[in-house]
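Visitor: Everything below, folded, please.
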Amino acid sequence: MKKEIWNKAAWLLFITACISLFFLGFFLFFMKEKQSKARLSVPENTTPVVLGGLEFYVPSAYTCITGNDEDILIYQEDSFKMRVQVSDTSFEERLSKKEEKAAELTEAGCRLIGKPEEKTLGNHLFLCYTLYMDDSIQYLVYVSAINRKSIGTLISMEDKDLQQALQILDSIFGLVQETEKADSTIYDLMFYQTDLTCSSELTEGVIEIPAENRRFIYSVPEGYHSDGSYSDEGTYSETLHSSGDNILVNISLIKGDAAYIKEQMSEGLDRNEKLEETEILDRMVCYSESDQTYILEDTIHIYSFKAMLDLEGYGVYSVSGWSYTNPSAAELETYLDFLMPHEDSGYINKS
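Guide: As a prediction, the model looks like this:
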């Protein structure tokens, strides 16, 4: 792993990177070979995840999101959180240097509880470090994998011991296999995880920024439901869907400025797409509309949209939407309500 010592700041950076990459992964989903067959072979009630040349299946009880080019975050509400990386360093090499790793962790300020432990469960070997950091017990666990690879995980969980952590790892990596598929994107994961029956209808969304003592409100068109949100001191993301219109939308707030908007919006554009600009409520909105057909084993038609604007100098407010069936998902007019966030002037941070 490039970074094997993770702390709270690393978690926040991870989430920020995930949100900023949300808009870049879309077309990779449809460029994968034999997607129809792959879908048929996925074990029931799991999300298939591809990372670093390995494919594994995460039980539907857990949520998966992408990080940067090397990370997947797997979590379950507030009770379980795990960051995953795949390394070309073999498990055997990890074992041979386990004491060196322990010393490295200590030198970096982590408090080790006990010595590194070697465990076996299912078809896997585990090298485990129990750490006390950020006022909690965390587990740094390396998992044996095929083709001289190893899987590195940093686990934060409430009221569970190491053995319970290993049981979760075994449930996730029990069927790990080598693959030539590209790494999973946010849209790959959302394809399997979106549940249109367990969500609440919204009339407006709220972005609170306690550190800045500010709150922004954006309107939500009738018929949209929330599929969940994430927020901390510096980031915000919420996914919504309109089951009647078959449109999925993501709203996010990330750090950035006008230059960042142009860079992010330009990257990943198809040759048939172009950037547009329009003014909405005295703010310049940069957006693109896409209507694409992909022929794999089946013909897949996708309508998509993305837009970004500078939100009062705080950061970049972004809107992304897509649909397999509804052409209006590629039109600016569909997202006008989302693109008019306004500040709540009466907001007072009481925390």
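Visitor: count of residues packed around the closest residue to residue 327 other than its chain neighbours?
Guide: The shortest distance from residue 327 to any non-neighbouring residue, by Cβ to Cβ, 6 or more residues apart in numbering, is to residue 303 (5.4 Å). Heads up, the C-betas are built off the backbone N, CA and C, glycines and all. As a burial measure, residue 303 scores 22 neighbours (other Cβ atoms under 10 Å).
Visitor: residue contacts, residue 303?
Guide: Shown in contact with residue 303 (Cβ atoms under 8 Å, 6 or more residues apart in numbering): 290, 291, 322, 323, 324, 326, 327, 328, 329, 330.
Visitor: all helices of the protein, in order?
Guide: Using DSSP state H, the helices of the chain run over 8-21, 26-31, 35-41, 91-96, 98-107, 162-173, 186-193, 258-266.
Visitor: quick one: terminal-to-terminal distance for stretch 75-91?
Guide: Using Cα to Cα, to the nearest Å, one end of stretch 75-91 lies 24 Å from the other.
Visitor: when you give positions from now on, start the count at 283
Guide: Okay, residue one is now 283; in that scheme the one you just asked about reads as stretch 357-373.
Visitor: where's the spatially most central residue of the chain relative to residue 561, distance?
Guide: Residue closest to the mean C-alpha point of the chain, counted by Cα atoms, centre = their mean, is residue 347 at 2.6 Å. Going from residue 347 to residue 561 by Cβ to Cβ, to the nearest Å gives 33 Å.
Visitor: Now do the nearest residue to residue 337 once chain neighbours are set aside, the pLDDT please.
Guide: Nearest non-adjacent residue to residue 337, counting by Cβ to Cβ, 6+ apart: residue 461, 4.3 Å away. pLDDT, residue 461: 90.
Visitor: ditto for residue 321
Guide: Reading off the model, residue 321 has pLDDT 38.
Visitor: returning to what we had before: can you pull up the bridge partners for the residue nearest to residue 609?
Guide: residue 573, residue 605 (DSSP bridges).
Visitor: and it, what pLDDT?
Guide: If you check residue 585, the pLDDT there is 86.
Visitor: Was I right to think residue 532 contacts residue 589?
Guide: No. Counting by Cβ atoms under 8 Å, residue 532 stays clear of residue 589, with 11.2 Å between them.
Visitor: Which neighbours do the two have in common?
Guide: Counting by Cβ under 8 Å, 6+ apart, the residues touching both residue 532 and residue 589 are 600, 601, 602.
Visitor: Whichever of the residues you listed end up buried, select them in ChimeraX.
Guide: Those of the shared contacts of residue 532 and residue 589 that count as buried under 16 or more other Cβ atoms under 10 Å are selected in ChimeraX with:
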select :600,601,602
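Visitor: which sections of the stretch 433-582 of the chain are below the confidence cut-off?
Guide: Counting by pLDDT under 70, the stretch 433-582 of the chain shows low-confidence ranges at 468-469, 473, 476-482, 492-493, 514-516, 525, 550-554, 575-582.
Visitor: ok, now with 80
Guide: 440-442, 467-484, 490-496, 509-517, 525-526, 549-555, 574-582 (pLDDT under 80).
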